[in-house]
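>>> below are the sequence and a predicted model; questions follow.
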Amino acid sequence: MHPAFSVIFLTTLIGVGQGLFLALYSSQTYSIVNVLPAQPGSYYAIGGAIALGFLVAGLILSFFHLGHPERAWRAASQWRTSWLSREIIALPLVMSLIAVYILANWLELDADLYGWGMPGQVALTLGSLGAAANLLLFLCTGMVYAAVKFLQEWASPLTVLNYFLLGSASGFTLAAAYAAYQAPALTEFYAGWAIILTLAALATRAASLIRNARLKRISTLQSAIGVRHNKVQQRAMGMMGGSYNTR
Amino acid sequence: MTQLALVIDLNVCVGCHACVTSCKQWNTSGAAGPMFDDNPYGADPTGTFFNRVQTYEVGEFPCTETIHFPKSCLHCEDAPCVPVCPTGASYKRKEDGIVLVNYDKCIGCKYCSWACPYGAREFDEKQKVMKKCTLCVDRIYDMSIPEDRRKPACVISCPTSARLFGDVHDPESEVSIAIRENGGYPLMPEWGTKPANHYLPRRKTKLRIHEDELVRADNPLKKEDIRHEVSKDATLDDWLM
Amino acid sequence: MPDTEHLHEEVRTTTCYMCACRCGIKVHLKNGEVRFIEGNPDHPLNQGVLCAKGSSGIMKQYSPGRLTRPLRRKAGADRGAGEFEPISWEEAFAILEERLGRIRATDPKKFALFTGRDQMQALTGLFARQFGTPNYAAHGGFCSVNMAAGLIYTIGGSFWEFGGPDLDRAKLFVMIGTAEDHHSNPMKIALSKFKRNGGRFISVNPVRTGYSAIADEWIPIKPGTDGALLLALIHEILKTGLYDRDFLVNYSNSAELVNMDPASPEYGMFVRFEVPPEEGCFDPQNKLWWDREMNRPVSTQTPGVDPYLLGEFRLADGTPVKPAFQLLAERVEQYTPEWAAGITGIPVETIKRLAHEMGVTARDQKIELPIAWTDVWENEHQTVTGNPVAFHAMRGMAAHSNGFQSIRALGILMSILGTIDRPGGFRHKAPFPRPIPPCAKTPTGPEAVRPNTPLDGMPLGWPADPDDLFVDENGGPVRIDKAFSWEYPLSVHGLMHNVITNAWRGDPYKIDTLLIFMANMAWNSTMNAVEVRKMLNDKEDDGSYKIPFIVVADAFQSEMTAFADLILPDTTYLERHDAMSMLDRPISEFDGPVDSVRIPVVPPTGECKPFQEVLIELGSRLKLPAFVDQAGQRKYRDYPDFIVNFETAPGSGIGFLASWRGQGGEKSMKGEPNPNQWQMYEKNNCVFHYHMPKSYQYMRNWNQGYLQWAQAHGMTRHAEPINIHIYSEVLQKFRLAAQGKTDGRQPPAHLKKRIETYFDPLPFYYEPLEATLSDKHKYPLNAVTQRPMAMYHSWDSQNAWLRQIHAYNYLYVNPKTAAAAGVSDDDWIWVESQWGKVRCMARLSEAVEPGTVWTWNAIGKAAGAWNLDPKANEAKQGFLLNHLISEELPAHAAGEHVSNSDPVTGQAAWYDVRVRLYKADPGEPPETSPQFVAVPPAPGTPPRRTWQNYFAGKFTKGGTQ
Ligand code: SF4
Ligand code: SF4
Ligand code: SF4
């Protein structure tokens, strides 16, 4: 099964957006506890907007792979069973939470929500919610693939992890670039994590590749047609132009 | 609970493709139609078909078996294509177990086709919706069709009657008996999809001849036993056993 | 979702014609457009089922390949270029009337009419005869005439339309040399029932596809060696005494005594004791047996006598004699399984086991049916018995130059097993069995062809001896295809495959007009397609065409239509009346005669006109006696009117259709014309099936009741026994003539040896002629073709659904053979014979014997033909094996231009060709070679849709170019 190019592209874009948001969120969290220097709200707002931009772009692109985009709203209905449906719910959720986060940061809204007597509680709250939703979205996106048992290469927790790590790594990398431009003090932080995440992503990706290489096919030509013989060869597909899944 | 299904007898299927085109002609002008054909008269013609007949070779010359293998949606009892559908367009009917796609709900995301281990789903490139075998749901309940013809188009056309149709949950149905008595099997049971369609394997008839059957008292050669003075050696004499 | 209401608006019954099986169909129409075609459950042939072709009839009906207007080649355009201008039917008829009228008034043989896979030979043959030309035949000569002739000259019937295996009761079924589904639905139905009932099915074939795929055992064999296998089987069965002696004694000429005196002019003929009381085309019962008890000759069929089958005797006058069976035994002595193994590639053990399986099953699993019947010698039998071993064979055996004798061997094998017209064996279909040979005869000399006069005899017939040949005083041919000449004396279906070459060369003479109906003679139906295409376009020094005028009638823009001067657009089967007549290629069942009709279910497309109407119109205009009354006025309004009112002879009561005859439609088989006959057929599913009483259904060669009934109903001329010809006197007569031992006609000197060799009264094996004239080291492989189940020859590439199944073809090669040639899967390769070479793609297959390569027939197309896009896969990746096959043998002792055919019957030896293969150069273009210049769509052909959504006759938003 070869996913359409638009599908690959959109998951990448959305992953970058998600990762960028996570990067912003983590640096903001660090700064609240004074591990990193604080930045103005506009820094997070603009960064968040960039992340949101990626998500919107991804969403728009995702329409391209639909036969009937005008009916896309229906896709939210099957959240009980379909990870795709869940992803489709999670995506706007993430987007709206990011939007609120942007707004709050832009307006530098704050309040002592928890009586901790320190600034940034609103941003932290909204950021945490956004981060949680983001993780959920990573889970959904990963599970869209990992849940297809029969695509053995994907049917593994590594798929979810890969999505998370790849998205985060690219997001942190982007954040590093953004920071280099807007908040050089954070560059190292982002870059450091970007390197760690990239290495982790490489490791899990390598683990997937090793797993895939070692994968023992559950199905064989023999079980596909139910004939036991060690030499079974397909001679004709029935249609010389192939069928929908072979052409 | 009823589970309608096809049982395909590989013992008699000769790979004639009758089921393929009969399916196409019924369904293109029926509830599932039209069924798209791309480049019908040009290079690389292709199109939407719900049923295809593949060919396999098993073993090596001269012990080769050629297997013709008709394949369509197997109407899995635990159909993985259904829960993955985000819109609910893909569904399994409670009343008869047929797995169908509601074209009006389908957004054409193709997720179900990834989930189907059997490659049974057919995306209609023109209508942009997922299609598949409907078990001719618009035939089998149509009371205007005589009862013995109220079956899927592929079943009524199959010249070797290799395709049986019925309720695999009814132990006394023709299909259940065929599965039971002829070693019917599902495809790729390893996925736990419980395909409703089953296949019947090749069965071989052999003949064993005992040596004594070649030598018998009533052997007609024994009637040709007289020598004549004019005859040279009767040429078949030395053949007598 | 589209509107699916009113789906069953109208259902009309007619007959399929996507192939020659002629199944009954029900056509569902929605608003007058075809919505669904299903098999008619009440039709005896297909019992409700329908094959892939039949189920794609819709795409034939609406194909862009359809011709819709009469067309004339544009002045100045070359033949083959496909440049045409539309003309009216009136113009077309005027051209034909003038031209054919002139030919008929001067030299009718200059008009040649050859037809393809049609089933209107009763009408086309009548037209030719009435016209007065001997130059008429259908496609049988290049199809399976060996199968027809080989068996009809042996058992009085043959396979397919003429008879077949009784799989309802057989226990062992052996299929030899049958393309993957020849024939189609009836065989499929029977085969699956047979297998389900536990029958044992063995397939002998170089290739395992189609029917062979479901065989219990596949016995791969080298092409052209079936005869060797069959003779070895006969050897083994004789040696082990597994033959049915009673059957042979009573129902064959096995026990009849043959004159063995080499000095006698009667040498090799049966000894006869008196002159027959009546001359006719039957075997007079005036021959001798040798009585075992009295040890003396007695007349055959003397009650109570048990004759010898083996031995050597001397008559009172000293004449040495032997029973025919003794001669057979002597003949097959040399044909041991060991000998055959080396030729066929089948292990000795397998051959022996096969023989034993046949013999033991036939002997030990006898069927006895409680059906009383009386034989022609007035013996009453309480039961019908049968030996349940059945056979089926077709073109794989037939299309070799040794096919006739191989098929004789098959007939003899079936006979010694005692399986002829008995339950579980071979059974005839009415009007068979026929006398050996059947009565129809051609004229015997050129004087039968006279201006403005019908031909004095049938254009095709069944020679019984050299005097029946259709030759001039020098022994030269009278027909353009040289049929019934000394070159191919028993060419009972003609030699359509040599017509163009002969006409082009002017050998034996030049013709003027060639009318081809529904035969793709510029492509897959001709050998040597590249050269034949040149011949069709070749000119004399004065610039006139060597074949002056070519008319092609077809429903589709085939490769052949491009070469026409005049194209007559035919209708499809859904648009016309047709009669599947018993006077033609019958569709009868074992239990009785069947005929059927087509009724138009949709109106003709454009200006299409059924070819039958064209013939009726032309016949009337030319005032051919059968088509006009005394006053020269047109007799039949149209084809339906002709079918109703035509009688084989005035008042004979026999017409094209056998049932609903008589004024009120109350008579069948015979009766006055009934004006409402069509309506009655239509009301009755378009088919008539006469169920004979059980006592008439078996042993028909010798069944008094049946033969008398058949005689009374005009199906046979004589109610005489039709004894099986284990030993063929007909062949011996030709041999004696060649040896100069007869007073009658004798072959020209250069053909004497040929006739003497191949007209052997007993079957023998010889290597196919082409193999003996080829370098077998250089060309080590046999190359054969078969048509796939989902395509009917070249006919279905314009069919949008079927061409998705077979868009192009591969050459199938055994992996060992491929490895030896350094070829792997999907490689481009060259296949080369001594005649030419073809570039194509290889596909490895374990289902083909290593000495054989094969491909699907007629998938490859010339660019633009059938109104396919010139870039269609059929043209770019599809190929024909025909380019490797010559229509003539290399010059040899028998002549310079001898047809590449069986020397007895003129059957085209398609499968004799020998080839080699090697990898194409990587730099060569990835397309098949040869390629042909694309022809444009003919005027009036429907647009070529670039995509389509077919919905009950409406192409919703169907795209066009
Ligand atoms: S129609 Fe029947 S015999 Fe033909 S391919 Fe289909 S299942 Fe096989
Ligand atoms: S065969 Fe595929 S499409 Fe059909 S029910 Fe099973 S999973 Fe779904
Ligand atoms: S076998 Fe198929 S194509 Fe031939 S007549 Fe029957 S249904 Fe038609």
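Received it, and whenever you're ready, just let me know what you need. Ligands and ions are numbered 1, 2, ... in the order given.

>>> burial measure for residue C:651, as a count.
8 (other C-beta atoms under 10 Å in any protein chain shown). Where you see a C-beta, it was placed from the backbone N, CA and C, and this is true even at glycine.

>>> do you know how far it is from ligand 1?
From residue C:651 across to ligand 1, the span is 48 Å (C-beta to the nearest ligand atom, to the nearest Å).

>>> who are the neighbours in contact with residue A:56?
residue A:95 (C-beta atoms under 8 Å, 6 or more residues apart in numbering or on different chains).

>>> residues of the strand or helix carrying it that come out buried?
Using DSSP states H and E, residue A:56 sits in helix A:41-64. Buried residues in helix A:41-64, counted by 16 or more other C-beta atoms under 10 Å in any protein chain shown: A:41, A:43-52, A:54-55, A:57-59, A:61-62.

>>> dump stretch B:79-87 to PDB, restricted to CA.
Extracted in PDB, the C-alpha atoms of stretch B:79-87 (Å, rounded to 0.1, in the frame of the first residue of the first chain):
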ATOM      1  CA  ALA B  79     -14.500  -6.800   8.700                       C
ATOM      2  CA  PRO B  80     -11.500  -4.600   9.400                       C
ATOM      3  CA  CYS B  81     -12.600  -2.200   6.600                       C
ATOM      4  CA  VAL B  82     -15.700  -1.100   8.600                       C
ATOM      5  CA  PRO B  83     -14.400   0.300  11.900                       C
ATOM      6  CA  VAL B  84     -11.600   2.300  10.300                       C
ATOM      7  CA  CYS B  85     -14.000   4.200   8.100                       C
ATOM      8  CA  PRO B  86     -14.200   7.700   9.600                       C
ATOM      9  CA  THR B  87     -17.600   8.600   8.200                       C
END
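
>>> so where is chain A shaky, pLDDT-wise?
For chain A, the stretches flagged by pLDDT under 70 are A:1-6, A:247.

>>> correct me if wrong: residue B:173 contacts residue B:166.
Yes. The pair residue B:173 / residue B:166 is scored as a contact, 4.2 Å apart, by C-beta atoms under 8 Å.

>>> the helices in the chain, which residues?
Going with chain A. Applying DSSP state H to chain A gives helices spanning A:5-32, A:41-64, A:83-106, A:121-146, A:157-182, A:184-214, A:221-225.

>>> to clarify, I was referring to chain B.
Using DSSP H, helices in chain B cover B:18-28, B:111-115, B:137-140, B:153-157, B:174-182.

>>> cool, and the stretch 501-650 of chain C?
Secondary structure of the stretch 501-650 of chain C, counting by DSSP state H, counting those that start in this stretch: helices at C:529-536, C:611-621, C:639-645.

>>> rebuild the helices of chain B as JSON lines, extending it with mean pLDDT.
Formatted as JSON lines, these follow (pLDDT from 0 to 100):
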{"stretch": "helix B:18-28", "mean pLDDT": "97"}
{"stretch": "helix B:111-115", "mean pLDDT": "93"}
{"stretch": "helix B:137-140", "mean pLDDT": "96"}
{"stretch": "helix B:153-157", "mean pLDDT": "98"}
{"stretch": "helix B:174-182", "mean pLDDT": "97"}
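
>>> looking at those helices, which is buried most?
Neighbour counts (mean count of other C-beta atoms under 10 Å in any protein chain shown) averaged over each of these peak at helix B:18-28, with a mean of 29.

>>> can you name the residues of chain B sitting close to ligand 2?
B:73-76, B:79-81, B:99, B:116, B:118, B:120-121, B:132, B:193 (C-beta under 6 Å from any ligand atom).

>>> my read: residue C:786 touches residue C:207, true?
Yes. Residue C:786 is within contact range of residue C:207, at 7.0 Å (criterion: C-beta under 8 Å).

>>> joint contacts of those two?
By C-beta under 8 Å, 6+ apart, the residues touching both residue C:786 and residue C:207 are C:180, C:854.

>>> what residue in the stretch 51-200 of chain C comes nearest to chain A?
Proximity to chain A, evaluated over the stretch 51-200 of chain C using C-beta to the nearest C-beta, is greatest for residue C:52 at 11.1 Å.

>>> so, low pLDDT: which residues of chain C?
Flagging of chain C using pLDDT under 70 yields the residue ranges C:1-8, C:275-277, C:956-961.

>>> and with 50 instead?
C:1-4, C:6-7, C:957-961 (pLDDT under 50).

>>> and for chain B?
B:227, B:229-241.

>>> do you have the strands of it handy? List them.
Taking DSSP state E to define them, one finds strands in chain B at B:4-9, B:35-38, B:46-47, B:52-58, B:65-71, B:90-92, B:99-101, B:122-124, B:129-131, B:163-167, B:198-200.

>>> now do the contacts for residue A:126.
A:97, A:100-101, A:104 are the contacts of residue A:126 under C-beta under 8 Å, 6+ apart.

>>> for residue C:420, list each beta-bridge partner.
residue C:426 (DSSP bridges).

>>> related to what we said a few turns ago, tell me which of the helices of chain A lies nearest to ligand 1.
helix A:221-225 (13.6 Å; C-beta to the nearest ligand atom).
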